[in-house]
Structure formats: C-alpha cells, structure tokens
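Enquirer: Let's see this in three dimensions:
(chains A and B)
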Amino acid sequence: MVASGLFEVWIGAFFTLAIFSFLYKDNPFYKFAEHIFAGLSAGYYIGLIWKSVIIQQLWIPITNKGEWSLIIPGLLGMLMFARFFRKFSYISRISLAFVMGNTAGIFLVSQLHGLVLPQTQSTMLSLTGDGFVETLFALIVVIGVVSTLIYFYFSKEHTGVLGVTAKVGIWFIMISFGAHFGFTVMGRISLLIGRVYFLYNDWILGTLAMFD
Amino acid sequence: MRSVLPIIVAFLSGFIMIASFFFNADRSFLGKLEEDLLTWVTIVGGFTLLLGVVSITRVNFNAVKQKKEDWFYKLLTLIAIYVMAVPAILPSSWSPLFGDEAGSIYDWLFTYVDTPMMGTMFAMLAFYIASAAYRAFRARNPEATLLLMTATLVMLWRIPMGEAFLREISIHLPDYINTFIMKGATMAVQRGIIIGAALGGASMSLRILLGIERTYMGKG
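Expert: Have a look, this model is predicted:
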C-alpha cells in the first residue's frame, strides 16, 4: 500500500489491527472491520462491472454506435430480476439458461482442446532422454500423472495392480500437497511481514516523525 | 414450456460456441455470431452480479428493519456497499469525487481501506496455517512423513538462508528440489488433477447442453 498521508495510514492501521484482533477471539472490532470489508468488496465489484460491462459494452455501443442487437442481452439481463417476483420467477430461467449453455459450450471445447489434449501430449515424454537427470524427470512425470489419475479413478476397487498404482499416486499427491503447503505458508508469511512492516514503518515511525 | 424453452436456449447458445470452433470460425458468419454471443454472455453475467447486490441489500435491509441479531453490522455492510458503489456509478464529469479515477471516493476507499484489509485477511491465514501444520505435520505414517519432508524442504528452499543451508548439504540440492519436486512430482500431480477435472467439466457441460443437468433452473 502506498500511503499518501497520515490519516490514510491511521485508517489502514486501525483496520489492520481490528482484523488481527480476531487472533485473540471474535470481538466487535473484528466484526466492524469484517462487515465493512464485505460491503466494500461488493461495492468494488459493482463499480467495476458498471463501468466495464454495463457502460462500456452495453450503453456506449447502443447509444454511440447504434448496435441495437445489444438490447437482447440487456433484456436478458433485466429478466434475471424476475426472480424477485414469485409468479414470474420462471422467466429468469431463460437468461440463466443462456449463460449456462454458452458457458458449457465454451467450457466443453476449452477443456478438451485447451487442457486435456495439451496436458496429455506434454506427458508423452521420451524415457530415453539426454541424460540421467532428464530420464529421471520424464519417469517422475509419467508415473506421477498416471498414478494420480488412477488414484482418482473410483469406478473399480483399488486392489491388486490398481491398488499398488493408487498407493504410488498417494505418495505423489502427498509430495505435491506438501510442496503447495510450503509455498502457501511462505506466501502468507510474506503478506504478514508486509502488514507488520506497514504497522511499524508507516504507522508507528510515521506518527513519531510528526512530533520530531 | 417453463422448462423446455430454457433447455432449447441453453442447447442453441452452447451449440453455436462448439460449432464455431469446427467451422473456420474467424472468417464465417458463425465466427461473428460467436463473438457477439461472448459479448452478450458478459453483459448478462454483469447483470447477475447486480442481481446479487439487490439480493444482499434485501436480506440485510430486512434484518436491519426487523432488528435481528447483529443488525448493526448488517447496516454497516449496506452502508459500505453503497458508499463504495454509488460514487463509482455517478459520472466523473459531475465531480472529481465520482467515477473510478485517482482521487475519487471509489479509488480512495479501495486503496486505503479495502486493500489493507484484504492483505491483512490473507496475512492472518499465516497463523491458522501454522496451527494446521502443527496438527498435520506429524510423521505418523509414511504418507504424512512425505508431506512433512516435502513441505519443510520447499519452505527452506524458498528463503535465502534456507537455500544457503541446503547448498551446504549438497550444492545441487536446491536445483534438485526445483527439478524433481516442483517441476516433476508437483507438476505431474497437478496435471493428473487437471486432466481429471477437465474431463469431469466437459462431461458436465455436455449434460447441461443436452438438458440432462437442469439443477441450475431451480425448482418449479
């Protein structure tokens, strides 16, 4: 955060401490900050969607460029509000179905063409690589992918060869979760250092500097 | 009719997106239609967010009106939503405080109130993640030991002092962690999960397009 004035720093420090107070126990300061945070986050997205979608993609094209076909999505969007009227709530299904169908269409292609095929292709590695490290790396990737997929295959009981492979899958998954855990911990610690540095440097030292 | 029309709409809108992929979409009518539909779905999606805000307002407003438990905090949420959103919606030509440019109420609240709180919320997770680690990181069985060892190695590898320590053990150890744990095992598991989830997502999409999956329509 780039603080421009002491007032902003005090506001930031107050909310930072109010949220950290939850580490002791739930209290009115935390609840105050939590509800303000929830409200501001919702308000932030209203502002964002209003400008980037409603104004830039709907209002301006209709009024300035005469793209009258955009009235259709505008109407579909308005139909969503029919949910608030019990008698007409079924009308909102049309808009919802449009969004669901459209997203499903994009998803179907993007998942198969953009994820499954390239990821499968990248797993087809040569096991006789340039050297020992490359071969070992390729083996780890191939065995890891296959055993993970088998671990998540629940249509057959995990016994025999399937059971052994699933067990290898668990080991790989544990390594992966451990690595992700380590990464997440370090990320959160880094954020914590940032907040503590803000409290010490910007708030405490900044305020003391005023009286020097 | 209440269910049939939405299913037809879902099928047609999804079918166009799939068909445009197969028929040289860039230079065809289908390509133009696909482009338009993508804009349309963004617009309708935008309205769904506004719908959510109306819903939040109704729920919180009723709670405040009926003086339910914690009604004061719900009032705060309502005030925060509208103090942030209304100035953002009003045109900046009316006042420099309106709109979303630097110096506006929207920008000020986001930079000096929302952002520090967001950072603190995530930073606070460091404590809970440490508490979770205390419970999870016990070498009770080979799998848990593997989790413990990998997490410890990665945490050491991510900090300069830890990396220096690992290099003391073996000069190649940090590189091996990067190659075999991060790029090898972790990527392999991620890939396995991605492939499984993508296949699941694709089959769910097909169910929606064919009208087998209708839960999004709700009851009635």
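
Enquirer: Was I right to think A:Tyr44 contacts B:Asp107?
Expert: No. Taking contacts as CB atoms under 8 Å, A:Tyr44 lies outside contact range of B:Asp107: 10.3 Å. The C-beta positions use only the backbone N, C-alpha and C, and glycine is treated the same way.

Enquirer: With neighbour numbers in mind, choose between these two.
Expert: Ranked by neighbour count (other CB atoms under 10 Å in any protein chain shown), A:Tyr44 and B:Asp107 place A:Tyr44 first, with 21 against 17.

Enquirer: quick one: buried residues of the helix or strand hosting the more buried one?
Expert: Here A:Tyr44 is covered by helix A:28-49, with elements defined by DSSP states H and E. By 16 or more other CB atoms under 10 Å in any protein chain shown, the buried positions in helix A:28-49 come out as A:29-49.

Enquirer: what's in contact with it?
Expert: For helix A:28-49, contacts defined as CB atoms under 8 Å, 6 or more residues apart in numbering or on different chains pick out A:15, A:17-19, A:21-22, B:46, B:49-50, B:52-53, B:56, B:70, B:73-74, B:76-85, B:88-89, B:100, B:106, B:109-110, B:113-114, B:117-118, B:121.

Enquirer: Now, of those, which are buried?
Expert: Buried subset of these (neighbour count, 16+ other CB under 10 Å): A:15, A:17-19, A:21-22, B:46, B:49-50, B:53, B:56, B:73-74, B:76-78, B:80-85, B:88-89, B:100, B:106, B:109-110, B:113-114, B:117-118, B:121.

Enquirer: Out of these, list just those in helices.
Expert: Among these, the ones falling in helices (DSSP state H) are A:15, A:17-19, B:46, B:49-50, B:53, B:56, B:73-74, B:76-78, B:80-85, B:88-89, B:106, B:109, B:117-118, B:121.

Enquirer: now stretch B:21-33: mean pLDDT?
Expert: Mean per-residue pLDDT for stretch B:21-33: 77.

Enquirer: Same question for stretch A:171-188.
Expert: What stretch A:171-188 shows for mean pLDDT is 91.

Enquirer: How about stretch A:113-130?
Expert: Mean per-residue pLDDT for stretch A:113-130: 86.

Enquirer: how's the chain carved up into domains?
Expert: Here I'm looking at chain A. Domain assignment for chain A, taken from automatic domain parsing, gives A:1-66, A:80-124, A:125-212.

Enquirer: my question was about chain B
Expert: Domain assignment for chain B, taken from automatic domain parsing, gives B:1-89, B:137-220.

Enquirer: Could you export those as JSON lines, including distance to A:Val109?
Expert: Shown next, in JSON lines, are the domains of chain B (distance: least, CB to CB, whole Å):
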{"stretch": "domain B:1-89", "distance to A:Val109": "5"}
{"stretch": "domain B:137-220", "distance to A:Val109": "9"}
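
Enquirer: Please produce CSV containing those domains, extended by distance to chain A.
Expert: Converted to CSV, those look like this (distance: least, CB to the nearest CB, whole Å):
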stretch, distance to chain A
domain B:1-89, 3
domain B:137-220, 3
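
Enquirer: Any regions of chain A where pLDDT drops low?
Expert: Scanning chain A for pLDDT under 70 picks out A:1-4, A:129.

Enquirer: in it, which spans are helices?
Expert: Secondary structure of chain A (DSSP H): helices at A:6-20, A:28-49, A:60-65, A:71-79, A:92-109, A:117-123, A:132-151, A:160-197, A:206-210.

Enquirer: now the fourth one against helix A:92-109, angle please.
Expert: So that's helix A:71-79. Per axes from the mean of the first three to the mean of the last three CA atoms, to 10 degrees, the angle that helix A:71-79 makes with helix A:92-109 is 120 degrees.

Enquirer: Then the longest one?
Expert: With the same axes, to 10 degrees as the basis, helix A:160-197 and helix A:92-109 are set at 110 degrees to each other.

Enquirer: Check which helices and strands helix A:160-197 sits against.
Expert: helix A:132-151, helix B:115-136, helix B:142-158, helix B:187-209 (3 or more CB pairs under 8 Å, 6 or more residues apart in numbering or on different chains; DSSP states H and E).

Enquirer: Go through it and flag the buried ones.
Expert: Within helix A:160-197, the residues that count as buried by 16+ other CB under 10 Å are A:165-166, A:168-183, A:185-189, A:191-192, A:194-195.

Enquirer: Kindly report the same for the fourth one.
Expert: When burial is assessed from 16+ other CB under 10 Å, helix A:71-79 yields the following buried residues: A:73-74, A:76-77, A:79.

Enquirer: Contacts made by the least confident helix or strand in chain B by mean pLDDT with the rest, please.
Expert: Ranked by mean pLDDT, DSSP states H and E, the helix or strand of chain B with the weakest confidence is helix B:115-136, at a mean of 87. Helix B:115-136 has contacts (CB under 8 Å, 6+ apart) with A:1, A:11-12, A:15-16, A:19-20, A:22-23, A:33, A:36-37, A:40-41, A:181, A:184-185, A:188-189, A:191-192, A:194-195, A:198, B:144, B:147, B:151.

Enquirer: Give me the nearest residue to B:Pro96, chain neighbours excluded.
Expert: B:Gly103 (5.5 Å; CB to CB, 6 or more residues apart in numbering or on different chains).

Enquirer: Same check on A:Phe183?
Expert: In space, and not counting its chain neighbours, A:Phe183 is closest to B:Val154: 6.2 Å by CB to CB, 6+ apart.
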